[in-house]
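In: Fold the stuff below for me.
(chains A, B and C)
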Amino acid sequence: MNEFVRAVEAVLFASDEPLTVEDIAAHVGDGDVKAALEELAAHYDARGIELVERGKRWHFQTASDLAHLLRREREEPRRLSRAATETLAIIAYHEPVSRAEIEAIRGVQISKGTLDVLMEAGWVRTGARRETPGRPLTYATTRGFLTHFGLESRRDLPGIDDLKAAGLLDPLDDDALQLQLEGDDEVETEDEDA
Amino acid sequence: MNEFVRAVEAVLFASDEPLTVEDIAAHVGDGDVKAALEELAAHYDARGIELVERGKRWHFQTASDLAHLLRREREEPRRLSRAATETLAIIAYHEPVSRAEIEAIRGVQISKGTLDVLMEAGWVRTGARRETPGRPLTYATTRGFLTHFGLESRRDLPGIDDLKAAGLLDPLDDDALQLQLEGDDEVETEDEDA
Amino acid sequence: MSELLFQPVRDEDALHLDIDGWEGPLDLLLSLARGQKVDLAQISILELVEQYLGFIEDATALKLELAADYLVMAAWLAYLKSCLLLPKDPEQDPSPEELALRLQQRLMRLDAMREAGARLLASDRLGRDVFPRAAPEGLRTERKAVWRASAYDLYAAYGQLRARMQPAVHMVHDRRVMTLEDAIHRVGQMLGIAVEWIALEAFLPVTSDPAYRKSCLASSFLAALELARQGRLDIEQEEAFDEVRVKAA
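Out: Okay, the predicted model is just below:
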């Protein structure tokens, strides 16, 4: 086995967090880290351990089909409410997305704790403010989100291409935000938290 | 790859402590755990990861010959403190010189850290012990010292007359006086030179 | 937060209602649409509107307290229903069909996100289905100091040390003074002209150096005292700080 590939394998194995190609290079020195990663990923393809890329960072993890052998007693690391699950999905599929837009899709206001829970879990972060009236803050997912849910990138979100093709991820136009009768301002409360 | 061996591999990988054959069997169920362990140990024999047995417990670890990769050094330029510069100068002009002699010339004690810094920088080494009571260790400069300061040999150090001509023997400035007054608090703190 | 607030209901009435409530009118609409058991794209909006209005009616009959937005939605749907049923008005913008389509789109969007959320939660989640190495050695980055010092620093430091090591020698600068011997000689020689009382200061040499003049004055005064002791001159001073005068004895 190639010494360089061995070195990359050792560094990834020893790391307590996913590593970028640059992180790895800083430890193993000159060499084609990408090629080494590909070789390793192929080698581990059908083993009990696999090498995966999540948000441009690489780490080893156990093969998913062996979950039943390994699952810990405490099942869910975090049980998400329906509101939190939908909010997370909306942020992931629409990011960057403002709170008003999340509320428009769900048809209800977001209660205070919902975004907090997602941010505390390390899955959601605040993004740039949108350059529209009120300059609302936007929300987006984190690298931790990709790592936790096993996604190489946002392009791997289940069904995202179909949803996009169906126009279901298009930005909401003002009309959609104003579905209710003209003048029913009290329903759309997004300005309150802008 | 054998499903049973895969399972053993995953269980070992995900465990936070070394496992006995019985521990492993409790996770993976019926099968020849020992044979699986042997197969895995052979597979990982020359890789970046190795499977080792210690006191009847098995665990994966980074290949021991690659341990140096796990530690990465980042270089940080730091300016030598005044105390260290003076000590280095005394050693250069008077070598071999004992610590007591350095202190006699400087008029103040030197902290342990000062000599450590000079040795860490690779400019000073310990020399022979002096054959006087207490057999004190002596210090001398290294080849690295000559290289760093652009000297062919110690004979190239400017003499007293040269220093005088360059105005470097002028009476003490206030800083130097201050240094003398502070005298004993010759502690080489990190921040001092930051 | 918009939600249905249910008052206690009898069991037979609860059959009509989902006791868990909905997260807002859109959520309720989606549940009703799902009840049509067709693809949301094929949903009958008119039927959906009927269902919603029926639900609101039931709730009102049961004296359920409905949040305001449910009633707002009901009013809007009633309006939409009338538009859809009435003869078309080509002037109306947006058209009732367009409004219906938007409602359908909104339901599909919410439905898509609901499904996506469920799929996310069911994915192979790190720490639940797949596991990282539990006891990694960890990678360390150590800072290594690279010491900097220039040759100048080194020589300057040694120069200052040497300067410090020089034994302290106190040199007094040369100062022009008139020694006592000189003064006695000079005053003695000049006595020949002092047949009358004459100010001692007249004996002093001309100089622009005030320090030298002071030295001359002090030495000449001492010389005058010495010469007076030898009986070679007389000294007088009329009062304190007045002029000192001398005359050959």
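
In: where exactly do the helices run in chain A?
Out: Using DSSP state H, the helices of chain A run over residues A:3-14, A:21-28, A:33-43, A:67-70, A:82-94, A:99-106, A:112-120, A:143-149, A:160-165, A:174-177, A:190-193.

In: tell me the mean pLDDT over the last one?
Out: In this model, helix A:190-193 carries a mean pLDDT of 42.

In: Over to the second one?
Out: Computed over helix A:21-28, the mean pLDDT rounds to 94.

In: repeat for the fifth one
Out: The predicted model assigns helix A:82-94 a mean pLDDT of 95.

In: now do stretch C:91-108
Out: Taken as a whole, stretch C:91-108 carries a mean pLDDT of 87.

In: which intervals of chain A have sub-threshold pLDDT?
Out: Counting by pLDDT under 70, the ranges of chain A that qualify are A:72-78, A:173-194.

In: let's see 90
Out: Applying pLDDT under 90 to chain A picks out residues A:1, A:29-30, A:67-80, A:108-113, A:130-134, A:170-194.

In: In it, which residue sits closest to chain C?
Out: A:G107 (2.7 Å; CB to the nearest CB). Heads up, the C-betas are built off the backbone N, CA and C, glycines and all.

In: As CSV, the helices of chain A with distance to C:R245 would be great.
Out: Below are those laid out as CSV (distance: least, CB to CB, whole Å):
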stretch, distance to C:R245
helix A:3-14, 106
helix A:21-28, 98
helix A:33-43, 108
helix A:67-70, 122
helix A:82-94, 112
helix A:99-106, 109
helix A:112-120, 105
helix A:143-149, 106
helix A:160-165, 121
helix A:174-177, 117
helix A:190-193, 106
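
In: Of all those, which one is nearest B:P133?
Out: Proximity to B:P133 (CB to CB) singles out helix A:21-28 among these, at 50.8 Å.

In: Report the angle between the closest one and helix A:3-14.
Out: Inter-element angle recorded for helix A:21-28 and helix A:3-14: 110 degrees (by axes from the mean of the first three to the mean of the last three CA atoms, to 10 degrees).

In: contacts for helix A:21-28?
Out: With CB atoms under 8 Å, 6 or more residues apart in numbering or on different chains as the contact definition, helix A:21-28 has outside contacts at A:4, A:7-8, A:11-12, A:15, A:31, A:33-34, A:37, A:56-58, B:69-70, B:72, C:139, C:141.

In: Just the buried subset of these, please.
Out: Buried members of the contacts of helix A:21-28, counted by 16 or more other CB atoms under 10 Å in any protein chain shown: A:4, A:7-8, A:11-12, A:15, A:31, A:33, A:37, A:57-58, B:69-70, B:72, C:139.

In: between those, which is nearest C:M73?
Out: A:R57 (44.9 Å).

In: Looks like that closest one contacts A:G144 (just checking).
Out: No - applying CB atoms under 8 Å, one finds A:R57 not in contact with A:G144, separated by 10.3 Å.

In: which one of the helices of chain A lies closest to C:Q166?
Out: C:Q166 lies closest to helix A:21-28 among the helices of chain A, at 52.1 Å (CB to CB).

In: Show me what counts as buried in that closest one.
Out: A:V21, A:D23, A:I24, A:A25, A:H27, A:V28.

In: Give me the distance from stretch A:47-63 to the chain's centre.
Out: 16 Å (CA atoms, centre = their mean, to the nearest Å).

In: Pull the residues that contact that stretch.
Out: Contact with stretch A:47-63 is made by A:12-13, A:15, A:17-21, A:23-24, A:37, A:40-41, A:44, A:66, A:70, A:143, A:146-147, A:150-153, B:1, B:5-11, B:13-14, C:126, C:130-133, as judged by CB under 8 Å, 6+ apart.
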